[in-house]
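[1] give me a 3D structure for the following:
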Amino acid sequence: MSAFALARFASGLISGKFVDKFGERLVFTVGIAFVALSSFAAALAQSYEQLLIFRAAGGLGSSMFSVAAGSMLLRAVSDDQRARAQSLYNGSFLVGMMAGPVIGGFLTAISLRAPLLVYAALLVVASVAGGFLLRNSVLAARPTEKSIVVKTSIRDALAMKPYVIALMISFVTAWVLFGMSRSVLPLFMVEDMKSSAGFIGVGFTISAVVQGLFLLKAGGLSDKRGRKFSAISGLILLGTSVVLLVLTFHPWIFLLSMFVGAFGSAFLSTTPAAIVGDVLRGKGGQVIALYQMSGDAGAMIAPIALGFIADHYGFRATFAISALLVFLVIAVATKLPETRTSHLGQSSK
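    Have a look, this model is predicted:
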């Protein structure tokens, strides 16, 4: 568990409070600037302890700007375009996740500190650009004493079935995609399937490319066919991909699993967030923060829990339990009401 991830998770609700009090623009720009400063400091760290401290500070900044960005995105678009907007947003992250290691690999040839320094410089540009582009935004502005601020509290949100289901979907999606897939799955392929690192890399590349190509289509289906259709479709595809791992007897089935799971992850990276945006009324920084924390929790808990299970019962047991979690959430998601036109106190309850 990295210091960055732990600090990001622990500061989620605080960041949501900042968004509600100071507005998305200020929290967004300050958060990115904070990550830039911490990355620059980490690049100059003289000890492992200093590196941990600076990376932890970056987790706070990451929490701030991600909650602020999520709040702006979900509130800025109507419910018939919300999932597609989320698709574009997630697509930009996906491109960064694919390009980052490649560019970072070249930069490490210069110096191990170079990737952090370049990252810090790019974040400074993003912070300045964000502050400039949002300077006239009423939506992202800081609330004034005279402004009438409509707000959705965590208590309000937790009283709504769609929001609770979105939390569950976010948790189990992160459990599989960022917890299981990044921890026990590579070990299973190396130790049990005797696969090479290059072959495993091909599988993850297939997943990333397919997900990227299908993201906009998945968002469009969520906006047109409804959140329930997309949520259940995504969960079934994700669950099927994990079941394939349980039944894997040849490395090529791993590639099939990654291919099928990519379609599911495209649905699930857009629809739960769109559900949260649908049920929000006015500001809801802490509501969005709790949603993001549910995903962070799945990504952090899964490696620990599945590592213990793998040590005692084997890798296939970790896949079986992960599949069971997905199908349990499918059962809950069948009760999901349509939220595209819902508001507090209406059909979303």
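[2] how much space separates the spatially most central residue of the chain from residue 134?
    With distances taken as CA atoms, centre = their mean, the residue of the chain nearest its centroid is residue 295 (6.1 Å). Separation of residue 295 from residue 134 (CB to CB, to the nearest Å): 25 Å. Using the backbone N, CA and C atoms, a C-beta is placed for each residue, glycine as well.
[3] cool, and residue 115?
    Per CB to CB, residue 115 is found 28 Å from residue 134.
[4] how about the residue lying closest to residue 336 once chain neighbours are set aside, secondary structure?
    Setting aside the residues directly before and after it, residue 336 is nearest to residue 228 in space (CB to CB, 6 or more residues apart in numbering), at 4.6 Å. Three-state call for residue 228 (DSSP: H, G, I helix; E, B strand; the rest coil): helix.
[5] residue 228 is in contact with residue 338, isn't it?
    Yes. If you go by CB atoms under 8 Å, residue 228 and residue 338 touch, sitting 6.3 Å apart.
[6] ok, these two, which is more surrounded?
    Per other CB atoms under 10 Å, whichever of residue 228 and residue 338 has more neighbours is residue 228, with 20 against 15.
[7] now for the more buried one: which residues touch it?
    By CB atoms under 8 Å, 6 or more residues apart in numbering, the contact set of residue 228 is 333-334, 336-338.
[8] JSON lines for those, including pLDDT, distance to residue 291 and secondary structure?
    JSON lines is the format used below for these (pLDDT from 0 to 100; distance: CB to CB, whole Å; DSSP: H, G, I helix; E, B strand; the rest coil):
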{"residue": "333", "pLDDT": "97", "distance to residue 291": "16", "secondary structure": "helix"}
{"residue": "334", "pLDDT": "96", "distance to residue 291": "21", "secondary structure": "coil"}
{"residue": "336", "pLDDT": "95", "distance to residue 291": "15", "secondary structure": "coil"}
{"residue": "337", "pLDDT": "92", "distance to residue 291": "18", "secondary structure": "coil"}
{"residue": "338", "pLDDT": "88", "distance to residue 291": "19", "secondary structure": "coil"}
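[9] from those residues, list the buried ones, please.
    Among the contacts of residue 228, those buried by neighbour count (16 or more other CB atoms under 10 Å) are 333, 336-337.
[10] between the residues you listed, which is closest to residue 250?
    Taking CB to CB as the measure, residue 250 lies nearest residue 333 of those, at 31.7 Å.
[11] quick one: that closest one from residue 44, how far?
    Residue 333 is 47 Å from residue 44, by CB to CB.
[12] how about residue 130?
    If you go by CB to CB, the gap between residue 130 and residue 44 works out to 25 Å.
[13] these two: who's more crowded?
    Neighbours were counted for residue 130 and for residue 44 using other CB under 10 Å; residue 130 has more, 22 against 12.
[14] just confirm the more buried one contacts residue 31, I think it does.
    No. Taking contacts as CB under 8 Å, residue 130 lies outside contact range of residue 31: 9.5 Å.
[15] what's around residue 102, how many residues?
    Counted with other CB under 10 Å, the neighbours of residue 102 add up to 9.
[16] work out for me the element it sits within.
    Taking DSSP states H and E as the definition, residue 102 sits inside helix 82-108.
[17] can you give the contact residues for stretch 92-99?
    208, 211-212, 215.
[18] quick check: buried residues in the helix holding residue 102?
    82-87, 89-91, 94, 107.
[19] between those, which is closest to residue 159?
    residue 82 (21.3 Å).
[20] please name the nearest non-neighbouring residue to that closest one.
    Spatial nearest neighbour of residue 82, chain neighbours left out: residue 274 (4.5 Å); criterion: CB to CB, 6+ apart.
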